[in-house]
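In: need a structure here:
(chains A, B and C)
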Amino acid sequence: MNPRVLTQADQIAIVTRRRLSDKVFRAILIFGGTTSFFVLLAIFLYLVQRSAPVLREFGLGFATNSIWYSGDGFPASQGSSDPANFGLFPMAYGTLLVALIAMVIAVPISVMLALGISYYMPKRVSAAVTFIVDLAASIPSVVFGLWGLFILVPHARYWAQLLNRYLDWIPIFDVTFPSFDQSPFVAGLVLALMITPIVTSISREIFSQTPLELIQGAYALGATRAAMIRNIVLPFGRGGVVGGAMLGLGRAMGETVAVFFVLQLFYDQTNWFRILESQGGNVASLIVARYGEATEFELAGLFGAGLVLFILTLGANLVASSIISRTTKKKRVSKK
Amino acid sequence: MRLRHSLITIAAAMGLIFSSTTAASAADLTGSGSSFAFKYITACKASSGHNVTYSSTGSGTGRNNFNDGVTDFGASDAASALSKATGKYLYIPVVGGPISVLYNVPEAKTQLKLDAPTLAKILRGSIDRWNDGAIGALNPGVTLPKKPIIVVYRSASSGTTENMTDYLNKVAPKEWPKVKNGTFTSATPSMPRGAKGAANSQVLVSTVRSTKYSIGYADLSDAISSKMPFASMKNENGEFISPTPEAAAKFLGDFDKADPLTGVAIDFTKKVAGGYNMSLFTYAIAPKAGGVKPGTNAPAVKELVDHLLTKCKDGTALGYSPISGSLLTAAKALVDQIG
Amino acid sequence: MIDKVEIQKPWREQSPKRVATAISPALIPILVASILVKTTGLDGKLGFVFSWVLASTVTIVIWPVVIKKRASRGDLFMQTSVVFAGGIFLGAVAWLFQSVLAPGLRAFRFSLLVKDAATVGVDTPLDQGGLLHAILGSLVIVGLATLISVPFGILAALYITEVRGRLVPFTRFFIQAMSGVPSIVAGLFIYAALIVSKVLPFTGLTGSLALAILMLPTVARTAEEVIRLVPDELRYAALALGGTQMRTVLQVVLPSARTGLITATILGIARVAGETAPLLLTAFGSNTTNLNPFSGTMATLPWYIFTQMTLGTENDVARAWVAALVLMVIVAMFFVLARTLGKSKMARR
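Out: Numbers count the residues shown, from 1 in each chain, chains lettered A, B, ... in the order given. Here you go, the predicted model:
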C-alpha cells in the first residue's frame, strides 16, 4: 500500500461512516475488542491488590532476590522471629529458560510439519496428520505431566547423558552433578511436545490460505516446490506463524502441572545455562508447589509471583513482536 | 431463520437441563484440605450417609477455604488460627498415622533401623553413603554398600514434611537445628547432593521404587501398597518400632488434651512404650455457632465428623490410625460442640 | 479449498526413483550409525543414538548436494526436513497416545460409562460405579465456556480485522497477554472475585468462566489470523454493492473464513478440555451427576483424572486412565463432527 493514498481503515470508514447500522455494528465490535482488555485489567488489578503486602515489604527485591522462605508466616517488619522472605529471580529466569528450550525444539518442527501437511503429504495422510495434531492439543496437562514423569524421564535421562557425554565442552551441556533428572531440558521437552500441536495447527491453517494464483504463478515460472515455499508461502504466512509461536510461548510460560512434575525447583540459586543440571525454576510451578500449604502472607507472595509471570509474558511478547516487525521491514526494503 | 431455529433449540436444551435437575439434597457436603486424610475421607464418605465431596488441596488451602466460608468443613494437618472465622470453628482430631521412611537398598535383606539423629543427618546430606558408620552402628551385622544415598523429598509443601521436620527438630535439635517448615528445601539445614523432588506422595513412592539406593518419607497410607520396605525408628524408650497404624495409634492416643482452637500439643519426645513417635494427625475443621459458610448444614457435618472419628473402620487397612485412648474422649467432647 | 489443492502438483508422477531419493536420507544415518558402532570406539545405545543424530544432521545438509540436479537441491532439503519433523512429532505423539490409551483400554468397562461415583471409595473394584458424572460435567462446563468465549473471541478478531482503528495494536497486545495468563491464576481470579466474595458458590458456571478466560485468547488470535486472510477485494466488492458493514461481515467475511473459525473453536476447546487446576478451584468436583451449571458443585474429567491419580491405588489409577481415554475419544469425536459440519456447508455453497 502506498502510504500517500488513504489507509485501509480510512477507506472502509468513508464508505461506512454515515449508516446507523454500521455505527451500531462498530460499537458491538469495539465492545468485543475491548473485552479482553477489561478482563485483563481486572486480573491485573486483582493480582496487584492481592500481592500488595508482599510488594510493599520487598519492593523491587521481590523480583531480583533469590530466596523463597515462608518462615513463621510473617515478614520481618511485623516483628517476626523467623521472618518470611520472598525473592523470585531464579523462578522467573527459569521460566524463560524452559520456555526458550521448548520453543527452540517446537517451532522448527511445527513449521516443517505444517508445510508437510499443506504441500508434501498425500491428501489422505495430511488429513489424518491434521486430525492427530488437533487431538494432541487436547491431551490434559496432568496426563502430560505423568507421561513426562514416568515414561519420558527415563529416556530423557539417557538423551541428557548422551548430550553430556559427547558435548560437555559446550557450557550449556555441562553439569556439576551427574543426576540428569528433573532438568530444564526435560521440562523443555515436555513443553515442546505440548505446544507443537498448537503452533502446527495455526501455521497449517495459515499456509493453506496462501492464494492459489501466487502458487500457480510460481510453478508456472518454473519454481521448485522449495523455491515456491520460500518465496511465496513463508513470506505470506510469516505473521501467522509468529502468532502461533507466540500462543505457544504463552502456553509454555504459563503451564503449571506438567512442568511441576518434571522439574526440580531451587529457590535460592539461579541455574543460568546448565540445561542438563537437575535444577531449575518456574513461576507457575512455584505457585502449584506452595499454594496448598500457604499462609496468608505467602499467598500474597504467590499472587505476586502470578503478577511477575504476567509481566514476564507481556515482556517476552513485546520483545518478540518488535523483533518480528523489524525483520519484516528489512525484508521489504531489500526486495525493492 | 436458521438462527432463530437454533436459538429455540438452545433454549429447549437449557430447559431440559433445569427440569432434569432435582433440588440439591440437604446433605450435600463440600470439604477440602489435607492430602494425608484424602484416602481416609474418600473411603469413608460412601458409608457416611451424606453426599460428601472432598478435595485434596493441601491443609493450608483447606483452612483458607473454610475461613473464606466456601466449604462446609475442612481437614488440616495443623491447627492454626483462622482470621475471619474467629470463634466459629473447631479443630477436632479425627484420624492419624505414622510417617514411614522407605528405602531402596537391594543389599539390605533385613529391616533397616534408624534413629532421629541419623535420619536427620541423611536428610541434610551429612551422611551421604549407605556404608556410613552411624547407620552401621544401628544395624550391626548388616553390610551396606558404598553407594551414595539419594534423598527423595516432597517438592510441594505438605503437612507430612512439616510434621516430620518438626519431629526431627524436637527429637534431634543438634542435628536438625531448623524449625519445622512445610517445604523440604526451606526446612533442611542443607540440601543433600543429587536429591530428587517428587510432586506428591504417589510420585515419591514410585521414585523411591525406581531409584536404587534412594530413601524417602511418606505417610504410611500412601506407601503401604508399594511393597517397599520401611525403616524401623528408635522411639524415646529406646525401642525400634516399625511404622504401623497400631504403633502410631499408641503414641497419638497417649495425649489427652484437644483444644478446639489450637489442637493437640504433640510432644514428639514423649516416652510411650511400643509407640511410633514420627506420627501425625489430621483435624477436621467443623463449624461452631453457625460457622462462616452461609447455609452450612451443621447437623450433617456433625454426623460426618462423628462417622470419621468413631464409626468408619476402613482406615486401618489403608494405613491410618484411628484416634484411641484418652484422646478419643477429648475429641468426642468436641464433636458435641459442632452446631 | 482442499479439493482444489490437487491442481498444485499435476505435472510429475512420483517415480520409484524420486521416492527412493526422498526416503534414503532417513535410512542412510541408521546405516552409518550401525557401521560406526560396530567398527569404532563408540559403544552401546548411547553411541548409536549419538552417531545417528550426527549422521542425520550431516545427511540433511549433504544429501541434497550429492544429488546432481541443482534445482532440486532445495526441494530435497525441504522434503527431508519434513520427513524428519513429521517422524519426530508423530513418533512422540504415537508414543504418548500408546502409553495413555493402552492402560485405559485394559481397564475399560462399559459400566464405567453409565454410572457415577456416589458409592465409590478407595480402590473399589472397577465393576462398581463409574465416571458418568465427570463426562457429563465436562460436556456442560466446556460447552458453556465455548458459548461464552467464542462470540467474544470472534468479536475481538473482527474488531482487529474490520474496524482497524487506532486501538488495534493494543487489542492484539492484550489478547496476546491474556494467552499468557497461567491457568491457575485464572482459576484463582474467579475463585476470589466470585466465590470468596459470595457472588456465586462453587458451581459449573464458575468453572466455565475460568475456562472462558483461558479459551478467549486462543479463539481470538486464531480467528484474527484466518479472518485477516479473507481478501480485501471481497470486502470492497460487498461494500461497493451497497452492503452495510454488518452484512459484509456476516455474509461475506465470516462465511469465507468458516473452516478457519472452526479451527479456532477446536483449538480453543482443545486448550481447555484438559485443564485441571482452575476447575479444582472453581467447579470443585462432585461424586454424583449434576447437570445444572448454575447450582451445586460439578465433576469434570480432568478433575477426575487428577483425583484418582492422587488416590494412587491400583484400581483408582486404572479409573484415571479410563477417564483419560474417554476424554480423548470425546474430543476426537467432537473434532470429526466439527470438521464434517464445516466441510458439508462449504460443499453446499
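
In: need the next SSE after the helix or strand of chain B with the lowest mean pLDDT, C-terminal direction.
Out: Here the helix or strand of chain B ranked lowest by mean pLDDT, DSSP states H and E is helix B:2-20, holding a mean of 51. Next along the chain after helix B:2-20, taking DSSP states H and E as the criterion, comes strand B:28-33.

In: sheet partners, orientation included, of that following strand?
Out: Each strand paired with strand B:28-33, and its direction, by DSSP bridges: strand B:51-56 (parallel), strand B:73-76 (parallel).

In: quick check on whichever residue of the stretch 51-200 of chain C sits closest to chain A: phi, psi?
Out: With CB to the nearest CB, the shortest gap between the stretch 51-200 of chain C and chain A falls at C:Leu155, namely 2.2 Å. To be clear about C-beta, it is placed using only N, CA and C from the backbone, and glycine gets the same treatment. Dihedral pair for C:Leu155: phi -60, psi -40, per degrees, to the nearest 10.

In: show me the contacts for it.
Out: By CB atoms under 8 Å, 6 or more residues apart in numbering or on different chains, the residues touching C:Leu155 are A:28-29, A:31-33, A:35.

In: is the nearest residue to B:Leu138 once chain neighbours are set aside bridged to anything, and to what?
Out: Leaving aside its chain neighbours, B:Leu138 sits nearest to B:Lys113 (4.7 Å; criterion: CB to CB, 6 or more residues apart in numbering or on different chains). In this entry, B:Lys113 is beta-bridged to B:Ser232, by DSSP bridges.

In: which residues does B:Lys113 contact?
Out: Applying CB under 8 Å, 6+ apart, the residues near B:Lys113 are B:138-139, B:231-232, B:234, B:240.

In: tell me, what residue is most central in the chain?
Out: You didn't say which chain, so I picked chain A. With distances taken as CA atoms, centre = their mean, A:Leu249 lies nearest the centre of chain A, 1.2 Å away.

In: I was thinking of chain C, sorry if that wasn't clear
Out: C:Ala270 (4.1 Å).

In: check which helix or strand that residue maps to.
Out: Using DSSP H and E, C:Ala270 falls within helix C:258-273.

In: extract the C-alpha set from that helix and format it as CSV.
Out: What follows is helix C:258-273, C-alpha atoms only, in CSV (Å, rounded to 0.1, in the frame of the first residue of the first chain):
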residue,chain,number,x,y,z
ARG,C,258,-15.7,-20.6,8.2
THR,C,259,-13.3,-23.5,8.3
GLY,C,260,-10.7,-21.3,9.9
LEU,C,261,-13.2,-20.3,12.6
ILE,C,262,-14.0,-23.9,13.2
THR,C,263,-10.3,-24.5,13.7
ALA,C,264,-10.2,-21.6,16.1
THR,C,265,-13.1,-23.1,18.1
ILE,C,266,-11.5,-26.5,18.1
LEU,C,267,-8.1,-25.1,19.3
GLY,C,268,-9.9,-23.2,22.0
ILE,C,269,-11.7,-26.3,23.2
ALA,C,270,-8.6,-28.3,22.9
ARG,C,271,-6.8,-25.7,25.0
VAL,C,272,-9.3,-26.0,27.9
ALA,C,273,-10.7,-29.6,27.7
